[in-house]
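[1] Coordinates only, no sequence provided:
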């Protein structure tokens, strides 16, 4: 599946580039070049979206009653 997101890239005073996105909370990527920054931003975005998806699935499961066992060390 492909998804298009908008990112904002700015050059920092140190010469590095910083990418952020208003569409994906927590997306922050930094690189020495714009291309490197874009590559890192893609990886970070993918991981954040996967984590959000996993959390969404977990919350869906928790909305239903479930029976589980736990182990106690006494």
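    Nice, thanks for sending it over. Since this is a predicted model, take the numbers as computed values, not measurements. Residues are numbered from 1 along each chain as shown.
[2] In stretch 32-45, which residues are buried?
    For stretch 32-45, burial by neighbour count (16 or more other CB atoms under 10 Å) applies to 37, 38, 40, 41, 44, 45. Heads up, the C-betas are built off the backbone N, CA and C, glycines and all.
[3] farthest pair in these?
    Pairwise distances among those were taken by CB to CB; the largest, 12.1 Å, belongs to 37 and 45.
[4] quick revisit: in strands, which of the buried residues of stretch 32-45 appear?
    Using DSSP state E, no member of those sits in strands.
[5] Find the residue ranges of this protein scoring beneath the pLDDT cut-off.
    Where the chain drops to pLDDT under 70, the residues are 55-63, 66.
[6] mind listing what the residue nearest in space to the middle of it touches?
    In the chain, the centroid-proximal residue (CA atoms, centre = their mean) is residue 48; its distance is 1.7 Å. The neighbourhood of residue 48, defined by CB atoms under 8 Å, 6 or more residues apart in numbering, consists of 24, 25, 26, 27.
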